[in-house]
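Participant: sequence first, predicted coordinates after that:
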Amino acid sequence: MTETTPAPTRLPLLLDRVTKRYGQHTAVDDLDITVGAGERVAVLGRNGAGKSTLLRLALGLSRPTSGHCYLFERPPGDHRARRRVGYVPQASAAPDRLRVREIIRFVRDCKGAAEPVELIERLDLGPLTNSLVGGLSLGQHRRLTLLLAFLGEPELLVLDEPTVSLDGQSRLAVWDLVNEYCAAGGTLLLASHDFREVSALTERVLVLVGGRLRADSEVTQLARTTGVTALEVPRTTDLPLTDVSFVSHQADRTVLITRTPESVVRRLTTVVDGPVVQRRPTVEEVCLALGGGSR
Ligand SMILES: Nc1ncnc2c1ncn2[C@@H]1O[C@H](COP(=O)(O)OP(=O)(O)OP(=O)(O)O)[C@@H](O)[C@H]1O
């Protein structure tokens, strides 16, 4: 009998009825989530909604109170699964007393990676390789953490607010790198409050509200699956707001987000001087309607 090599396991992430409690507080509640190879998934929600907790559970950095997590079809603490992941945590713990080139060399050796000459250049870390990690600015530190996550050709990239504190140029450089990574087949799980980042990098969104999954949808299907609609009227401050989830007054118009557009339009037409325009809501507007932030 010939021995066959088992096919490499490909399902990057599976959460099966996962709940995490801290004392009386439920941080994430009964989550069922599957992330397939090559998917680009954003985790959205207000402060404290459970995004970082979800990411940490998925990576085995926190243990569920109940339910099960699988990383590449293994327990997430298994080193064979962990080595296939690049992670940018919200707060990086790189040792302050190492120099940038030393920490790069250390992580590179651990992951068996080549010298990341191009990454160093694209993340503009060349002039900093002799600097102490403890002396880096917030944005420089973030760029170093991103570089370390990309080392070793990860199959899954888990990014927790990766571009917070980056200047505009650095943010675009990171978005380019992440998009190239995804175009080459990489899988992305991104927690972010930046809706431009979400639309630049991801195709599917998970919306957490108070630790519960309120939406899990392709971006293009989000309005349909959640039943949320945006209405625009000329700027008016005194409007009937029954059945309106969120209202935003802008320079020249007022935007109302609702799940029952027909009745809201009927009420608006009696008080608004001008057309009521119905349109597809943005991802941010859907989040606002569901209670998942932001603004
Ligand atoms: N180690 C911990 N001990 C106690 N409570 C915790 C702990 N970690 C998280 N929590 C609580 O769990 C909830 C979810 O926190 P989490 O950090 O996952 O939120 P988040 O969505 O990432 O928020 P943010 O957008 O502010 O980063 C919060 O109420 C938080 O206070």
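Facilitator: Looks like it came in fine.
Participant: write out the residues of the protein neighbouring the ligand.
Facilitator: The chain has residues Y22, H25, A27, G45, N47, G48, A49, G50, K51, S52, T53 near the ligand, with proximity defined as CB under 6 Å from any ligand atom. No exception for glycine: its C-beta is placed from N, CA and C like everyone else's.
Participant: what about 8 Å?
Facilitator: 20, 22-23, 25, 27-28, 45-56, 62, 90, 160-161, 191, 193, 208, 211 (CB under 8 Å from any ligand atom).
Participant: for R279, grab the count of nearby residues.
Facilitator: Using other CB atoms under 10 Å, R279 is surrounded by 12 other residues.
Participant: quick one, which of the residues of the chain next to the ligand are buried?
Facilitator: 20, 27-28, 45-46, 49-56, 62, 160-161, 191, 193, 208, 211 (16 or more other CB atoms under 10 Å).
Participant: follow-up on the earlier one: so which of the residues of the chain next to the ligand belong to helices?
Facilitator: K51, S52, T53, L54, L55, R56 (DSSP state H).
Participant: could you dump these to CSV with pLDDT?
Facilitator: Putting those into CSV (pLDDT from 0 to 100) gives the following:
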residue, pLDDT
K51, 97
S52, 97
T53, 97
L54, 97
L55, 97
R56, 96
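Participant: specify the local secondary structure of R17.
Facilitator: Classification of R17 by DSSP: H, G, I helix; E, B strand; the rest coil places it in strand.
Participant: just give me the neighbour total for the residue lying closest to it once chain neighbours are set aside.
Facilitator: Leaving aside its sequence neighbours, R17 sits nearest to G67 (CB to CB, 6 or more residues apart in numbering; 4.0 Å). When counting by other CB under 10 Å, one arrives at 16 neighbours for G67.
Participant: just the element for G67, please.
Facilitator: In the assignment (DSSP states H and E), G67 maps to strand 66-71.
Participant: please apply the same query to E180.
Facilitator: helix 168-183.
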